[in-house]
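Novice: Sharing a model prediction with you, sequence too.
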Amino acid sequence: FNFKQDNFEEFYHIGEPIGSGQFAVVRKCKLKETNVEYAAKFIKRKRTKSSRRGLSIEDIQREVSILSAIDHENIVKLYDVYENKSEVILVLELVCGGELFQFLAEREKVNEDEAVEFLKQILEGVRHLHEHSIVHLDLKPENLMLLGQNSTRLKIIDFGLSRKLDEGVEVKDITGTPEFVAPEIVNYDPLCTATDMWSIGVITYILLSGCSPFLGDDKQETLANISAVDFSFDCEDFANTSLLAKNFIQGLLLRNPNERATVYDCLRHPWIRPVKESQAQCRRSSSINLE
Ligand SMILES: Nc1cc2c(nn1)-c1ccccc1CC2
């Protein structure tokens, strides 16, 4: 993409905010020529190299080059890029069903069939990323957007921390949101595709229980819990959870990245792709709420 220097507002009507990131605000927008609606992500540019506010043009170009390299139904599409002296504007696919995070907040937790529906889409999107040697590094419910109000279709957004795993480049200086980061991030060890798989384990634990496996009273305690891989299923919300679901999570929350299930292992896991109708049946039976 070469960033367009034209005035964005000449070509688009700007609508209401639909989300935000650390140095970005995302608003609905409409292309005047076609009346098609998009999401416009206004990213604040750093004024000077040493400024702490805004993103460097290199960081913005990284997000753009990664987003423009991928095309998958579970990953938000990038259509165009505009820039002016204070910000860069990404014209993205409009996803306006809100974050999976808000959906969860209203529901507290979801039953296993719904969780599997969400996870299949997350795993398909992450498979596409990993096949292109891209790691997201910030997978969390806030970065999973539902397509519409009552839709269970979701897309992965915000590639602000994502990286291309070029040969030999050790991506060690990145940290996402404490609750979701893998031990290798806490310990500044090399990151890899397995780093995303850990986050999928944390997301699954939260989907099924409403509890966050490593969350401590402060950031330090959370990071210590992660580094020690100190979690359990005794949160009373796991009482009705199937053994297959727990086995799926246990295959991901492993300290050694090489032992962790890959995205392919997850897509083949019997909890995700039951080999026999009976297995899906046992999942259904275990998730019937007793109340
Ligand atoms: N940090 C964020 C945050 C968001 C988005 N992107 N990055 C986004 C992308 C496409 C459609 C809608 C959104 C809103 C939330």
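Specialist: Ah, there it is. Numbers count the residues shown, from 1 in each chain.
Novice: can you map out the helices along the stretch 101-250 of the chain?
Specialist: 112-131, 183-186, 193-209, 219-227, 243-250 (DSSP state H, counting those that start in this stretch).
Novice: which stretch among those helices comes nearest the ligand?
Specialist: helix 112-131 (13.6 Å; Cβ to the nearest ligand atom). Every residue, glycine included, has its C-beta placed from N, CA and C.
Novice: Tell me if that closest one is near the ligand.
Specialist: No. Against the ligand, helix 112-131 shows no contacts by Cβ under 6 Å from any ligand atom, the least distance being 13.6 Å.
Novice: one step back: would you reformat the helices of the stretch 101-250 of the chain as CSV and include mean pLDDT and mean neighbour count?
Specialist: CSV is the format used below for the helices of the stretch 101-250 of the chain (pLDDT from 0 to 100; neighbours: other Cβ atoms under 10 Å):
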stretch, mean pLDDT, mean neighbour count
helix 112-131, 97, 20
helix 183-186, 94, 20
helix 193-209, 96, 24
helix 219-227, 96, 17
helix 243-250, 97, 18
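Novice: Which one of these lies nearest to Leu165?
Specialist: helix 193-209 (7.2 Å; Cβ to Cβ).
Novice: tell me the angle the closest one makes with helix 243-250.
Specialist: 140 degrees (axes from the mean of the first three to the mean of the last three Cα atoms, to 10 degrees).
Novice: Show me what helix 193-209 is packed against.
Specialist: helix 112-131, strand 134-135, helix 183-186, helix 243-250, helix 263-268 (3 or more Cβ pairs under 8 Å, 6 or more residues apart in numbering; DSSP states H and E).
Novice: wait, does the helix or strand where Val91 lies contact the ligand?
Specialist: Here Val91 sits within strand 87-92, counting by DSSP states H and E. Yes. Strand 87-92 is in contact with the ligand by Cβ under 6 Å from any ligand atom, via Leu92.
Novice: Other residues contacting that strand?
Specialist: Residues from elsewhere that reach strand 87-92 (Cβ atoms under 8 Å, 6 or more residues apart in numbering): 3, 8, 12, 26, 29, 38-45, 57, 60, 63-64, 67, 76-83, 157.
Novice: Might one say that Gly176 is in contact with Leu137?
Specialist: Yes. At 5.6 Å, Gly176 counts as touching Leu137 under the criterion of Cβ atoms under 8 Å.
Novice: Pull up the overlap in contacts between those two.
Specialist: 161, 185.
Novice: where does the stretch 51-200 of the chain dip in pLDDT?
Specialist: For the stretch 51-200 of the chain, the stretches with pLDDT under 70 are 167-171.
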